[in-house]
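> Sharing a sequence plus its predicted fold:
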Protein chains: 2
Amino acid sequence: MSVTEEELGLRERKRLATRRAIQFASVELASERGFDRVTVDEISHAANVSPRTFFNYFPSKESAIIGELPELPDEVTVERFVSAGPEEPILVGIAELLIMAIDDADFGGEESGDEVDGRGAHRLHELRRALFKDNPQLFAMRISSMHKFEDELSAVLERRLAHDDPELTREPEALQRRARLIMLVAFAGMRHAWTTWASRGGAGPLASLLRSSFAELQEFARSTS
Amino acid sequence: MSVTEEELGLRERKRLATRRAIQFASVELASERGFDRVTVDEISHAANVSPRTFFNYFPSKESAIIGELPELPDEVTVERFVSAGPEEPILVGIAELLIMAIDDADFGGEESGDEVDGRGAHRLHELRRALFKDNPQLFAMRISSMHKFEDELSAVLERRLAHDDPELTREPEALQRRARLIMLVAFAGMRHAWTTWASRGGAGPLASLLRSSFAELQEFARSTS
DNA sequence: CTGCAACTTTGCATAGGCTGCAATAATTGA
DNA sequence: TCAATTATTGCAGCCTATGCAAAGTTGCAG
């Protein structure tokens, strides 16, 4: 039961609607014509706002298209991951974190569509996925825009590593480096999942492909050590 | 003994010189003022060319700053990697390939500076390294511009995997996916090395940090399997 | 329900990246 | 030395993006 859009004043509801209208227009036009054959003017016109207003909502054309950035799940879930213990394979845990982080509708599985909430949101996500499938450069842009998320994930991994082996906290630098390395490997897994998904024409839920990629990662780790 | 700049006509030598002048001006001005507080006009002026000429040499301001893209070493070296055999740890081999690919001066160790060839090239590389150290975003740009290299490396890894285990060629798709996964992990290692380098203030040769990062990668692989 | 405060939308002006085109200039090879 | 090739440049123009101030909305207290 998401809180979105219930109990909001007219002002905020309008804002939400405008935001979505712009995103929708962006993604739809980019799907039809390609990212750089659409102008902000055209998008704004399709969304019934002035070009200037477009830039009040998004800092760049790109950002209107690539969608919301991932966010770590709630602290309870994070804490469960952190304290899962050293026996629990870390890659599996990370995969689940990522699946949650990257927003069900965008990345995910079932999607019970009866919520009034996500009227257009669902369709927007589908369009965006199709767009990304045909434009790897957009996926690359999306990845590049995740610096903040990278740092957050890195911090969580640090907690996990410290919890698994308290010894490590005696060398904070090494701990941090290790966390960052694992974060980068996780991102490699994410990119891999996406590549696989795209090369198969976008069939199947991304979430399960992500699990597969992380399994292959595990397998590679085994074979190389 | 590099072939560069020997036995070239006046025309090509001028072209080379102009190219370097532009790169130098770009990097120097960006160091002083930051990437987006320098205009192409200013760079062009500093390099004594018209702004229009700037864009005859580089497709974007960015590309003048980030420098040449990495290239795989010669086929002999690549073939040695491909046929190293399954007992040879693949990550070590990849690390050496990367070190060669990313251009000694840019990434590397000693650099015997007595070549007449790299008069300004050496200083340019140093400046660029310093610039990258303080601007992680530029390093990110550089990484993003390596799509072609990613594919090349992926192809080499495919050959290596097929050579190590000919069975794999019976499932070309799986082979390709595996190669790509390893390539992405290798890039993770590269980013990690660079992060470490930058966070330590740019001390020490990048090549050895790359080896360290790949060793940590190996260590992580062992610990997680 | 009125009117003020807070916020949003918009137009306008401007900077800066980037491209096509056509004129001019330099280099090369015969 | 001349003609072909290639390089440089200016110019006009399109597009993204930002600051600023005017005009329009919404929300809320009286």
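Yep, it's here. Numbers count the residues shown, from 1 in each chain, chains lettered A, B, ... in the order given.

> got the CA coordinates for the host helix or strand of A:Ser63 in PDB?
Under the criterion of DSSP states H and E, A:Ser63 resides in helix A:61-66. Taking C-alpha atoms only, helix A:61-66 is exported to PDB below (Å, rounded to 0.1, in the frame of the first residue of the first chain):
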ATOM      1  CA  LYS A  61      16.600  16.000 -21.000                       C
ATOM      2  CA  GLU A  62      18.400  12.900 -20.000                       C
ATOM      3  CA  SER A  63      17.000  12.900 -16.400                       C
ATOM      4  CA  ALA A  64      13.500  13.100 -17.600                       C
ATOM      5  CA  ILE A  65      14.000   9.900 -19.600                       C
ATOM      6  CA  ILE A  66      16.100   7.700 -17.300                       C
END
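
> That helix vs DNA strand D: in contact?
Yes - Helix A:61-66 reaches DNA strand D (Cβ under 7 Å from any atom of the strand) through A:Lys61, A:Glu62. Where C-beta positions appear, they are placed from N, C-alpha and C, glycine not excepted.

> Pull out the buried residues from that helix.
A:Lys61, A:Ser63, A:Ala64, A:Ile65, A:Ile66 (16 or more other Cβ atoms under 10 Å in any protein chain shown).

> Quick check, pLDDT for the residue nearest to the first one when sequence neighbours are not counted.
It refers to A:Lys61. By the measure of Cβ to Cβ, 6 or more residues apart in numbering or on different chains, the closest residue to A:Lys61 outside its immediate chain neighbours is A:Val40, 5.5 Å from it. A:Val40 is assigned 98 on the pLDDT scale.

> Please state the offset of the top helix by length along chain A from the chain centre?
Ranked by residue count under DSSP state H, the longest helix found in chain A is helix A:172-199. Average the C-alpha atoms of helix A:172-199, do the same for its chain, and the two points are 14 Å apart (Cα atoms, centre = their mean, to the nearest Å).

> Could you do stretch A:73-83 as well?
So, by Cα atoms, centre = their mean, the centroid of stretch A:73-83 is 18 Å from its chain's centroid.

> try stretch A:214-225
For stretch A:214-225, the distance to the chain centre is 24 Å (Cα atoms, centre = their mean).

> Give me the contacts around that stretch.
Identification of contacts with stretch A:214-225 by Cβ atoms under 8 Å, 6 or more residues apart in numbering or on different chains yields A:89, A:91-92, A:94-95, A:185, A:188-189, A:192-193, B:89-91, B:177-178, B:181-182, B:185, B:218, B:220-222, B:224-225.

> buried set for it?
Buried residues in stretch A:214-225 (16+ other Cβ under 10 Å): A:Phe214, A:Glu216, A:Leu217, A:Gln218, A:Phe220, A:Ala221, A:Thr224.

> still on that earlier bit, isn't the residue nearest to A:Lys61 up against A:Arg52?
No - with contact defined as Cβ atoms under 8 Å, A:Val40 and A:Arg52 do not form a contacting pair (9.7 Å).

> What's the separation between the residue nearest to A:Lys61 and B:His147?
26 Å (Cβ to Cβ, to the nearest Å).

> So the two - more neighbours on which side?
A:Val40 (17 against 13; other Cβ atoms under 10 Å in any protein chain shown).

> Okay, now the unreliable bits of chain A?
A:1-8, A:103-120 (pLDDT under 70).

> run the last query once more with 80
Low-confidence regions of chain A, defined by pLDDT under 80, span residues A:1-10, A:103-121.

> Just give the nearest non-adjacent residue to the residue nearest the centre of it, would you?
Closest to where the C-alpha atoms of chain A average out (Cα atoms, centre = their mean) is A:Ile102, at 3.2 Å. Distance criterion Cβ to Cβ, 6+ apart; nearest residue to A:Ile102, sequence neighbours excluded, is A:Pro70 at 4.6 Å.

> can you list the residues of chain A near DNA strand C?
A:Arg11, A:Lys14, A:Arg15, A:Thr18, A:Asn48, A:Val49, A:Ser50, A:Pro51, A:Arg52, A:Thr53, A:Asn56, A:Tyr57.

> So A:Ala174 sits against A:Leu168, correct?
Yes - using Cβ under 8 Å, A:Ala174 is in contact with A:Leu168, at 7.0 Å.

> So which of those two has more stuff around it?
It is A:Leu168, of A:Ala174 and A:Leu168, that has more neighbours when counted by other Cβ under 10 Å, with 17 against 13.

> Name the SS class of that one, please.
Secondary structure for A:Leu168, judged by DSSP: H, G, I helix; E, B strand; the rest coil, is helix.

> residues contacting it?
Residues in contact with A:Leu168, defined by Cβ under 8 Å, 6+ apart, are A:Leu161, A:Ala162, A:Ala174, A:Leu175, A:Arg178.

> pretty sure A:Ser212 is in contact with A:Thr196, am I right?
Yes - between A:Ser212 and A:Thr196 there is a contact under Cβ under 8 Å: 7.4 Å.

> what does chain A put close to DNA strand D?
Contacts of chain A with DNA strand D, taken as Cβ under 7 Å from any atom of the strand, map to A:9-12, A:14, A:38-41, A:52, A:55, A:59-62.

> Take those and keep only those in helices.
Short answer: the residues of chain A next to DNA strand D in helices (DSSP H) are A:Leu10, A:Arg11, A:Glu12, A:Lys14, A:Val40, A:Asp41, A:Arg52, A:Phe55, A:Lys61, A:Glu62.

> from the residues you listed, which would you call buried?
Buried residues within those, counting neighbours by 16+ other Cβ under 10 Å: A:Val40, A:Lys61.

> Which of the ones in helices among the residues of chain A next to DNA strand D sits closest to A:Leu138?
A:Glu62 (8.3 Å; Cβ to Cβ).

> Give me the angle between the particular helix or strand that has A:Gln218 in it and helix A:172-199.
In this assignment (DSSP H and E), A:Gln218 forms part of helix A:206-223. The directions of helix A:206-223 and helix A:172-199 differ by 120 degrees, with axes from the mean of the first three to the mean of the last three Cα atoms, to 10 degrees as the criterion.

> just how off-centre is helix A:206-223 within its chain?
On Cα atoms, centre = their mean, the centre of helix A:206-223 falls 18 Å from the chain's centre.

> thinking again about what came up before, pull out the buried positions in the longest helix of chain A.
Result for helix A:172-199 [16+ other Cβ under 10 Å]: buried residues A:175-198.

> Can you name the residues of chain A that neighbour chain B?
A:89-91, A:140, A:144, A:147, A:177-178, A:180-182, A:184-185, A:187-189, A:191-192, A:195-196, A:213, A:216-218, A:220-222, A:224-225 (Cβ under 8 Å from any Cβ of the partner chain).
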